[in-house]
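J.: Fold the following.
(3 chains)
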Amino acid sequence: MTDTPIREMEDNIDGANKRLEPYPDYLKAELGLRNHWYAALFGHELEEGKCKGEMIMGERILFKRVDGDVYAIADRCPHRGAAFSARPECYTKNTVTCWFHGFTIDVRDGMLVQIVTDPDSRLIGRLKHKTYHVQEINGVVFVFMGDMDPPPPIEQDLQPKFLRPKLAFHPVARNKFRANWRIAAENGFDAAHLYAHRKAGIFDFTDASMPLSSFPKTPDSLEIIDNDEGPWGIVKVDDYTVWTTEIEGETVNAVNLDPDNIPPPDVPQETVVGIYLPCGLEVDWWPAPGVLHFEWFTPIDEDHHMYFICHATEVNSDEEAEAFYKACREEYIPVTWKAATDQAAPMGDGAEWGFNNFDAFGREQIHHVYQYEDFWHQEKLIRPDMTVSKWRMLANKRMRGIQQRQGWARMQGWSPDGQDYDPKKTW
Amino acid sequence: MTDTPIREMEDNIDGANKRLEPYPDYLKAELGLRNHWYAALFGHELEEGKCKGEMIMGERILFKRVDGDVYAIADRCPHRGAAFSARPECYTKNTVTCWFHGFTIDVRDGMLVQIVTDPDSRLIGRLKHKTYHVQEINGVVFVFMGDMDPPPPIEQDLQPKFLRPKLAFHPVARNKFRANWRIAAENGFDAAHLYAHRKAGIFDFTDASMPLSSFPKTPDSLEIIDNDEGPWGIVKVDDYTVWTTEIEGETVNAVNLDPDNIPPPDVPQETVVGIYLPCGLEVDWWPAPGVLHFEWFTPIDEDHHMYFICHATEVNSDEEAEAFYKACREEYIPVTWKAATDQAAPMGDGAEWGFNNFDAFGREQIHHVYQYEDFWHQEKLIRPDMTVSKWRMLANKRMRGIQQRQGWARMQGWSPDGQDYDPKKTW
Amino acid sequence: MTDTPIREMEDNIDGANKRLEPYPDYLKAELGLRNHWYAALFGHELEEGKCKGEMIMGERILFKRVDGDVYAIADRCPHRGAAFSARPECYTKNTVTCWFHGFTIDVRDGMLVQIVTDPDSRLIGRLKHKTYHVQEINGVVFVFMGDMDPPPPIEQDLQPKFLRPKLAFHPVARNKFRANWRIAAENGFDAAHLYAHRKAGIFDFTDASMPLSSFPKTPDSLEIIDNDEGPWGIVKVDDYTVWTTEIEGETVNAVNLDPDNIPPPDVPQETVVGIYLPCGLEVDWWPAPGVLHFEWFTPIDEDHHMYFICHATEVNSDEEAEAFYKACREEYIPVTWKAATDQAAPMGDGAEWGFNNFDAFGREQIHHVYQYEDFWHQEKLIRPDMTVSKWRMLANKRMRGIQQRQGWARMQGWSPDGQDYDPKKTW
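T.: Modelled structure (predicted):
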């Protein structure tokens, strides 16, 4: 096997971790990359005229759908700070009214259009409340988190195949987990974590094998997409695969491996995985040939992220689209995301566990050491982690900014219902 | 409508909030105003010879009733710091004995009168434990929180009508909520929060209307009681009333309003509301003519307050008193405080919700932004908030001090039963 | 009664607490004494080939039994920080494999022997993971917490009678409580806390009395074991006993005292109690003549400790050992540790409560004031507390170091299962 620059990592076991130097800003971006577009919710979750509150990158945001379009404003009334979403009131389609003292905001432009309890106030028609840019594409509602106005084109922040023509999309899951968004993004693109997936239920009723790991043999097997016009991402083609190894003489095989017919290690895997700023994963294909699998790891706060999954495929007619939706419901989603709840839960074996549930479990497990024990400076990376390392460098280079807490405090220890903040609930 | 000074607030939308300058000490008083009298519990909650622990302004206090009088000492044994109230032991009526090593305190003067495990100790008869001044008036036990000795007369810290002759009193509720005491006090005196009450159960079985808001038209409609002898308070006579308004062409009416018979805006409301230092509300009348309604918002810690409510009326005989008590039980309390539990809970509609439950809900909702996001400097007040603004100024001027943490630590994350601190439980 | 130096404590009621000066390092050792041996678990809890994670002094440790011997490594994979114990995988008896990416450690020496996902990595055979020295004695697994290599002999850190020949041992309980380890150690050796035990169930079905307190009359009644070769400890012989006292004319008697036959105060108690560095208690005898009773108070973190209890007696045959085990199960343990759960719980009266449960209750009660209200500088000690005071001085003198947080962060607010950290669960 050819030597690669990643070998230098390994030769530097005991010294300070030199690999960290290339991405100082990434290490600071615990709340996310500022001035980017983020997946906030699925479009089907927000009916016409309805409101929904979410926390994204530490900011509390109210979404409302008006005449089909989604608008977003700060979910904190300018008067006394109540969250509109705690008890949303909408007298008209364009507005939301605060349940406490009746401040009424036009969600389209943030204008204070009425105060029910003081209709003669001079604030009316003059006070503008914070608004957010929103775009809904392929059933996903994206929000721009930053202060650039106008914001940069959303295409710079999307996985390229997400914008392919003729695609039919089907949402799989949106859940919230206790792990920093970077841990989540790195996990999705991590070339060696296949191992953790080997007990997923899918392998109970398929003969397909899955390698112990599969990663780019050399840096050349990584395509770094780094043009000024964006988007910015990394695509890996796994050309080295580990099918079997041994520990003290005991053989450890890939799941469902036929020991008499072990594939060669240097046949590139068919599945191609890419990750794009700010936090979008693109898998072509998964879990079946022809199916695109997209993920987003939107930061909620320093300790939590939203985990979005959706599937897509190219269709040429309504009938094909319907057939794809049916396959999603009956074949793909059951193996992708199995748990009915939004808990990561300890990994379980067997059929009741979805493939991606293991990812959520893994992220929650290592969040604490990275966030609170500075494991960024202690980790001992290996060759498959070159993918992670390159992603950090690209994110460090192309990020438009680092999100700060600014006027929003951490919700730890508090929540609207008098209980501790639970990120798994809608705000 | 006449212009008022409050207009200046509205004209200052974007600049620094000038209104904060008049009350710097009030902004610091997150634990309460020091050297004032506070409602601690209802007298009926403490039987002869019994003990009860409560936290007030961050201090843990043990109350005991001896020969009808209530005494209070620090609820922290001088020996090894155990809380007497965790397992109160009383061998004699005047004393409490620590369950751990037998330190025995006379609750009347704090003297260490015995140590069961070391009866020859020289500490006996010499060590004095911290005591608190207590007075019980009209069924409410008040405690003096401060170091003035003797304390100032309690009359300076009570709502004047609470001391009227011939009153019969009936407790309504004492509960604990997650909101700073200032948020609670301001909410009680807030002229615009009527709007939040419009879904209370009372309006399901009465034809009475309730305005969208009702507030003093000019500063002259506020009576500021500010003589050196005290008490110090503000009484508002609402002479401007909003019955109806519109949002984008949609009419928003007061609850139970007869659209064909809308009252004029400038008829003063019958109900007169006053607030007095340190944190007492006086409503004349509510919920029925002739009934006085009192509230207190005693600070527990930075994040919690106790919410007391009681009713009173003038009676001239035992029969009249009994009739009043019956009316409280059967008519007034059911509409005032409906929930059986002490949870604020999300606001509900309809008959199962008491009028004042909405207040508790509202306070818990905005606590976080004021306490942790410095909303004191971001709020955009309106004319009805002149009542709040003037209260802050008066409290700032007349407070005898600001409570500090001193020797008591925050209980966050700890409690006697090994679970997290729950302010809703007795200490 | 003779005057003793402890009288000086009592004469210094109001001044600064001079007694603290002799033990400044003890006051800093909130995480435990570094470079000592600690009880970690009972041997019977760890079967051959199995793994178990525990937190000790803020460090997360994985224990595995191999060919009968117990080994321990840091429970944090060197690769990405996952806890091995979250989902232990053992392909061979000498190793543990990380469930996430397959790093495989030989638990005997910490060597990285394989990486399932990158078997060609140069880290293999070169990276050594943190190991801990372990010894299993008399059914208790001890771990050395420090950086001395080789570690000092474990005999220096054990109660001397624990090493007596011919002893048969029986574990009683291992539980986790919310109290700093020093609070726990002091409570075990506290001469006056007998009083708190008087409601234990044992006294419901025995006629035996138990004094209100029993303590060394003079410093001479304390044997201070302080030779350079160790172990270091204090043994007290209680030669002064309080059987009865009165409070305001009311008599307070020891439990089960015959008022017509009160023993003299100056007959030494038969039970001899000793405490040894770092945190081991030795009681000879309890709860029956001839039975040795051992306790350890191993620090978990700043706010929690493990509470170990076991019984032992001298036996000369297998039959005698079996008879002792039967007596433990049927007679001794039921009165020593009654609650089936590991909760301290409020003290209860009567037969359902074990003797030592009251200790756990007491420690949880006073933890907060010592840890967060600096009660170390406020406590008012009495003559029976001379035992505690002398223990603090000896620990201050003989400790080999003070444990620091170093690379391990507090677990507060986090745990592997996504819920808040619960020290009562295995890591």
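
J.: Bridging across strands, which residues link to residue A:51?
T.: Per DSSP bridges, the residues bridged to residue A:51 are residue A:64.

J.: I'd like the distance between it and residue A:121.
T.: Using Cβ to Cβ, to the nearest Å, one obtains 23 Å as the distance from residue A:51 to residue A:121. To be clear about C-beta, it is placed using only N, CA and C from the backbone, and glycine gets the same treatment.

J.: the more surrounded of the two?
T.: More neighbours surround residue A:121 than the other of residue A:51 and residue A:121, with 24 against 20 (other Cβ atoms under 10 Å in any protein chain shown).

J.: That one: which element?
T.: Per DSSP states H and E: residue A:121 is located in neither a helix nor a strand.

J.: where's it relative to chain B, distance?
T.: Per Cβ to the nearest Cβ, to the nearest Å, residue A:121 is found 5 Å from chain B.

J.: Then residue A:181?
T.: Residue A:181 is 22 Å from chain B, where distance means Cβ to the nearest Cβ.

J.: now residue A:32
T.: Using Cβ to the nearest Cβ, one obtains 19 Å as the distance from residue A:32 to chain B.

J.: and if you look at residue A:291?
T.: When distance is defined by Cβ to the nearest Cβ, residue A:291 is 41 Å away from chain B.

J.: I'd like to know how many residues surround that residue.
T.: Neighbour count of residue A:291, defined by other Cβ under 10 Å: 21.

J.: Look up phi and psi at it.
T.: Main-chain torsions, residue A:291, degrees, to the nearest 10: phi -100, psi 120.

J.: residues contacting residue A:409?
T.: Contacts for residue A:409 (Cβ atoms under 8 Å, 6 or more residues apart in numbering or on different chains) come out as B:368, B:369, B:372, B:373.

J.: what pLDDT does the closest residue to residue A:259 other than its chain neighbours get?
T.: For residue A:259, ignoring the flanking residues on the chain, the nearest one in space by Cβ to Cβ, 6 or more residues apart in numbering or on different chains is residue A:253 at 6.5 Å. Per-residue confidence (pLDDT) for residue A:253: 96.

J.: isn't residue A:253 right next to residue A:242, touching?
T.: No - using Cβ atoms under 8 Å, residue A:253 is not in contact with residue A:242; the gap is 10.3 Å.

J.: Can you get me the start-to-end distance on stretch A:195-203?
T.: End-to-end distance for stretch A:195-203: 13 Å, by Cα to Cα, to the nearest Å.

J.: Sorry, wrong one. I was asking about stretch A:297-306.
T.: Note: stretch A:297-306 ends 6 Å apart using Cα to Cα.

J.: Which residues outside that stretch are in contact with it?
T.: Here stretch A:297-306 makes contact (Cβ under 8 Å, 6+ apart) with A:30-32, A:38-40, A:54-58, A:174-181, A:183-185, A:188, A:279, A:281, A:296, A:307-308, A:363, A:367, A:371, A:403, A:410-411, A:423, C:414.

J.: out of the residues you listed, which are inside strands?
T.: Taking DSSP state E, the ones among the contacts of stretch A:297-306 that sit in strands are A:38-40, A:54-56, A:174-177, A:281, A:296, A:307-308.

J.: longest helix in chain A, by residue count?
T.: If you go by DSSP state H, chain A has its longest helix at helix A:357-372.

J.: Mind giving me the packing neighbours of it?
T.: Contacts defined by 3 or more Cβ pairs under 8 Å, 6 or more residues apart in numbering or on different chains; DSSP states H and E place helix A:357-372 against strand A:167-177, helix A:181-189, strand A:304-314.

J.: Pick the most buried one from those.
T.: Ranked by mean neighbour count, the helices and strands packed on helix A:357-372 are led by helix A:181-189 with a mean of 25 (mean count of other Cβ atoms under 10 Å in any protein chain shown).

J.: Pull the distance from that helix to the chain's centre.
T.: On the basis of Cα atoms, centre = their mean, to the nearest Å, helix A:181-189 sits 8 Å off its chain's mean C-alpha point.

J.: now swap in stretch A:182-197 and tell me
T.: Chain-centre distance of stretch A:182-197: 13 Å, with Cα atoms, centre = their mean.

J.: How far does it stretch from one end to the other?
T.: Stretch A:182-197: ends 20 Å apart by Cα to Cα.

J.: is any part of it close to chain C?
T.: Yes - residues of stretch A:182-197 are located near chain C by Cβ under 8 Å from any Cβ of the partner chain, namely A:190, A:192, A:193, A:194, A:195, A:196.

J.: And the helices in the stretch 1-150 of chain A, which stretches?
T.: Shown for the stretch 1-150 of chain A, the helices assigned by DSSP state H, counting those that start in this stretch span residues A:7-10, A:24-28.

J.: Where among these is average confidence lowest?
T.: The minimum mean pLDDT among those belongs to helix A:7-10 (a mean of 54).
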